[in-house]
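**Student:** what's the 3D shape of this:
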Amino acid sequence: MTKRALISVYDKSGLEEFARGLVELGWELFASGDTTEAISSFGLKVTSVEELTKSPEMLGGRVRTLHPSIHAAILARRDREDDVAALNENAIEPFDLVCINFSPFAKVVARYGVREEDAVEMIDIGGPPIARAAAKNYAHVTVVSRADQYGFVLDELRQSGELSEETRRQLAGEAFATTAAYESAIAAWFADREAFPETMTTTLVKVLDLPYGENPHQRGALYAEAYGRRHLLSRVEQLHGRELTFNNLNDLSTARLIIDEFTLPACVIVKQANPCGVAVGASPEESFIRALSADPSSSYGAVVILNRPISADLGKLISEQFIEVLFAPAYAQKAIDALRKLETRVLTHYERRRGDPSEKDYKRVLGGLLAQDRDWGLEDRSGMEVVCGEISEEAWGDLLFAWKVVKHVMSNGIVIAKGLQTIGICGGQPSRLDAVKVAIGRARDNGHDLSGAVLASDSLFPFSDGPKLALEAGIECIIQPGGAKRDRESIEAVNEAGGAMVFTHRRHLRH
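**Tutor:** Numbering: from 1, shown residues only. This next block holds a predicted model:
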């Protein structure tokens, strides 16, 4: 018996090769709408759905394949006498393969300024039910839902004459994933007017298989939100080096978020998802040297990111360090030549990723996700309060610099800075006082002079012991959210020591 295939695709990529391959194997083709015209233009014989159903397209193409002759031909179970009898009674011949893809809803709504009526017209009505029907009946029907499946489907048909049940089952699962993702994107678009809708639908599409997860015994992959989002590696090219790992990308995400805080030449060095050196300089070279000198030992094997192109001299300087990942907007050829001698993963990007105010931040917990707005807070003086002391313009620059960095440090986060350079950072301590001790210790261990430095705390100091310790070490200005019951004691301690303190009235916890 001749095998029959129903084809209805919006994206015609690879269609000619696939349709021609089926015909060469003796298959009979049926198609809908402009897919019929496309297959005919290839010089192949094809029967239109309208001819099969004896019903014309209606409502401008909204009604094409929603017909019993189509769905019965897909859903009939060949091993059930009653199903076969129903087909015979209604003169319906079954389909053995369904090839279908949908109108590009997510791509259209991702465009700037798309009208609502245009978005609605991109909602595919007939395609998803056909894909689901074929996937449900995978025991008897093959469903092809992506163009990248054409090649191996044809290969197996040529080798075996038919597709194995395991292949059909795999394709069915991928079809259900495709329909789920498609309708998830539609649901997300309709729910976009609410920050936290009653039902949250997020479609994730795999960007990259990773060599392993956080540890070698864990599998890993990078996924991105499919609905109108740019992800960590969007418009990024790897120029050199080994495969990117899970931990590389986790560190790179933190580094990119920090570097976006600055417009002046800046360098950020991240290790274990925490910054260990951040600096602003008059040039990219200066910013790198200062960021590296902030904590040289912690920078070993780190992720380094700059917001200015890498010159030949800077490339040579960086090549003398061991770093895992280097990320910059451009590189001089001699810089690339110097870096190719190492295993460093060298990345460049073609478009700076801007913060999306609607982007959500997710944290996996047992059985679910915690969801929140991403912390895009603008870090300027508005809303901040000088609660004691006087602050020079230079000190204000350091305070705002440290405040921008500390929100990317694991809580309890402490950043000590001087001259737009971090000199002591600590995060992840259960005690804020311990975090201050560690940050001061790191600054001293790396030979930094704490006199005249500033300190930022991502959350309030519950007691005055933290500020007192900082002041005794030579720090002159403190920036913190405030709001503790004992704020008055902290203010008095800073005032008595001749220091200054700013309350931001906003915290930046990061767990």
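**Student:** how about the residue nearest the centre of the chain, secondary structure?
**Tutor:** Central residue of the chain (Cα atoms, centre = their mean): His231, 3.5 Å from the mean position. Following DSSP: H, G, I helix; E, B strand; the rest coil, His231 is assigned to coil.
**Student:** please report how far the nearest residue to it once chain neighbours are set aside lies from Asp148.
**Tutor:** Closest residue to His231 apart from its sequence neighbours, by Cβ to Cβ, 6 or more residues apart in numbering: Ala224 at 3.4 Å. The C-beta positions use only the backbone N, C-alpha and C, and glycine is treated the same way. From Ala224 across to Asp148, the span is 17 Å (Cβ to Cβ, to the nearest Å).
**Student:** and for Glu320?
**Tutor:** With Cβ to Cβ as the criterion, Glu320 and Asp148 are 43 Å apart.
**Student:** next secondary structure after the longest helix along the chain?
**Tutor:** Using DSSP state H, we find that the single longest helix of the chain is helix 165-190. For helix 165-190, the following helix or strand on the C-terminal side (DSSP states H and E) is strand 204-210.
**Student:** so which bits of that following strand are buried?
**Tutor:** Residues of strand 204-210 classed as buried by neighbour count (16 or more other Cβ atoms under 10 Å): Leu210.
**Student:** where does the protein dip in pLDDT?
**Tutor:** Scanning the chain with the threshold set as pLDDT under 70 gives 53-66, 227-229, 352-357, 377-379.
**Student:** hmm, back to that, tell me the buried residues in the helix or strand the residue nearest to His231 falls within?
**Tutor:** Using DSSP H and E, Ala224 falls within strand 220-225. Buried positions in strand 220-225, judged by neighbour count with 16+ other Cβ under 10 Å: Gly220, Leu222, Ala224, Glu225.
**Student:** can you list contacts of it?
**Tutor:** Contact with strand 220-225 is made by 202-214, 231-234, 245-246, 249, as judged by Cβ atoms under 8 Å, 6 or more residues apart in numbering.
**Student:** direction included, what does the helix or strand following that strand pair up with?
**Tutor:** The element immediately downstream of strand 220-225 (helix or strand, assigned by DSSP H and E) is strand 236-240. Here strand 236-240 has these sheet partners by DSSP bridges: strand 345-349 (antiparallel).
**Student:** from the chain's centre, how far out does the helix or strand following the partner strand sit?
**Tutor:** Sequence-wise, the next helix or strand downstream of strand 345-349 (DSSP H and E) is strand 360-365. Mean-position distance between strand 360-365 and its chain equals 12 Å (Cα atoms, centre = their mean, to the nearest Å).
**Student:** for strand 360-365, packing partners?
**Tutor:** Secondary-structure packing of strand 360-365 (3 or more Cβ pairs under 8 Å, 6 or more residues apart in numbering; DSSP states H and E): strand 368-373.
**Student:** sheet partners, orientation included, of the strand it packs on?
**Tutor:** According to DSSP bridges, strand 368-373 forms sheet pairs with strand 360-365 (antiparallel).
**Student:** identify the residues contacting the strand it pairs with?
**Tutor:** For strand 360-365, contacts defined as Cβ under 8 Å, 6+ apart pick out Thr202, Leu369, Leu370, Ala371, Gln372, Asp373, Arg374, Asp375, His511.
**Student:** buried sites along it?
**Tutor:** Residues of strand 360-365 classed as buried: none (neighbour count, 16+ other Cβ under 10 Å).
**Student:** output that strand as CSV - backbone C-alpha positions only.
**Tutor:** C-alpha atoms of strand 360-365 as CSV (Å, rounded to 0.1, in the frame of the first residue of the first chain):
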residue,chain,number,x,y,z
LYS,A,360,12.1,38.0,35.8
ASP,A,361,14.7,36.3,38.1
TYR,A,362,14.2,32.7,39.0
LYS,A,363,15.6,30.5,41.7
ARG,A,364,15.0,26.7,41.7
VAL,A,365,13.6,25.3,44.9
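**Student:** and the angle from it to strand 220-225?
**Tutor:** Here the directions of strand 360-365 and strand 220-225 differ by 140 degrees (axes from the mean of the first three to the mean of the last three Cα atoms, to 10 degrees).
**Student:** Gly447 in helix, strand or coil?
**Tutor:** Using three-state DSSP, the structure places Gly447 in coil.
**Student:** next one: Val108
**Tutor:** Look at Val108: counting by three-state DSSP, its state is helix.
**Student:** for Ala177, see how far away it is.
**Tutor:** Using Cβ to Cβ, Val108 is found at 21 Å from Ala177.
**Student:** same thing with Ile92?
**Tutor:** For Ile92, the distance to Ala177 - Cβ to Cβ - is 29 Å.
**Student:** with neighbour numbers in mind, choose between the two.
**Tutor:** Counted by other Cβ atoms under 10 Å, Ile92 and Ala177 do not tie: Ile92 has more neighbours, with 18 against 15.
**Student:** phi and psi next, for that one.
**Tutor:** phi -110, psi 130 (degrees, to the nearest 10).
**Student:** which residues touch it?
**Tutor:** Counting by Cβ under 8 Å, 6+ apart, Ile92 has contacts Pro68, Ser69, Ala72, Ala73, Ala76, Ala86.
**Student:** using PyMOL, define a selection of the buried residues within those residues.
**Tutor:** Of these, the buried ones go into a single PyMOL selection, burial set by 16+ other Cβ under 10 Å:
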select buried, resi 69+72+73+76
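**Student:** now the contacts of Ile92 as a markdown table including distance to Ile391?
**Tutor:** Supplementary listing: those in a markdown table, determined by distance: Cβ to Cβ, whole Å:
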| residue | distance to Ile391 |
| --- | --- |
| Pro68 | 77 |
| Ser69 | 79 |
| Ala72 | 78 |
| Ala73 | 77 |
| Ala76 | 79 |
| Ala86 | 83 |
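**Student:** Val278: which of the contacts of Ile92 is nearest?
**Tutor:** Checking these against Val278 by Cβ to Cβ gives Ala73 as the nearest, at 63.4 Å.
**Student:** so Val325: helix, strand or coil?
**Tutor:** With three-state DSSP as the basis, Val325 sits in strand.
**Student:** so where do the strands sit in the stretch 1-150 of the chain?
**Tutor:** Here the stretch 1-150 of the chain has its strands, by DSSP state E, counting those that start in this stretch, at 4-9, 28-31, 47-48, 97-101, 142-144.
**Student:** in a markdown table: the ones you listed, plus distance to Val153 and mean neighbour count.
**Tutor:** Below are the strands of the stretch 1-150 of the chain laid out as a markdown table (distance: least, Cβ to Cβ, whole Å; neighbours: other Cβ atoms under 10 Å):
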| stretch | distance to Val153 | mean neighbour count |
| --- | --- | --- |
| strand 4-9 | 10 | 23 |
| strand 28-31 | 14 | 22 |
| strand 47-48 | 21 | 16 |
| strand 97-101 | 8 | 25 |
| strand 142-144 | 6 | 26 |
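**Student:** nearest to Tyr300, of these?
**Tutor:** Judging the strands of the stretch 1-150 of the chain by Cβ to Cβ, what sits closest to Tyr300 is strand 97-101, at 48.2 Å.
**Student:** so which elements touch that closest one?
**Tutor:** Using 3+ Cβ pairs under 8 Å, 6+ apart, strand 97-101 sits against strand 4-9, helix 127-136, strand 142-144.
**Student:** the first one pairs with which strands?
**Tutor:** For strand 4-9, the paired strands and their directions (DSSP bridges) are strand 28-31 (parallel), strand 97-101 (parallel).
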